[in-house]
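S.K.: Structure for this input, please:
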Amino acid sequence: MFEKVYTLTQGEEKVIERVIIDEHINYNHMILPKGDRLPHHSSNSNVYMTVVRGTVSLGINGQKPNIYEAGTILAIPEGVQMDVLNGGEDTLELFVVKAPAPKG
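M.R.: You can find the predicted model right below:
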């Protein structure tokens, strides 16, 4: 068997799981209930955020947040300040890919 199989958590409760962490990419899965957010942080690599369920409110570098719905893929460059919030009514589910993988 050549493939490696990973399992994702499903549900409505808050989840932040690092699914694949290797020298090529970081592949993360997140579930945020209504009103929940990630800590303010700077991107430490190129970030590709896929909104799978719900809506995400994303503020970049202190600007007014924009709202993105399920089916949206966002490309965020390295070194920007991010504010990620589930400001919608439904549970937010995201996949976040960092490529190349952050150093250190």
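
S.K.: what ranges do the strands span in this structure?
M.R.: 15-21, 26-32, 41-42, 47-53, 55-60, 66-69, 73-76, 81-85, 92-98 (DSSP state E).

S.K.: Contacts for the third one next, please.
M.R.: Where contact means CB atoms under 8 Å, 6 or more residues apart in numbering, the residues beyond strand 41-42 that reach it are 79-82. C-beta: built from backbone N, CA, C; applies to glycine.

S.K.: what about that strand, distance to the chain center?
M.R.: 12 Å (CA atoms, centre = their mean, to the nearest Å).

S.K.: List the strands paired with it, with their directions.
M.R.: strand 81-85 (antiparallel) (DSSP bridges).

S.K.: Check which residues of the partner strand are buried.
M.R.: Neighbour-count burial for strand 81-85, counted by 16 or more other CB atoms under 10 Å, picks out 82-85.
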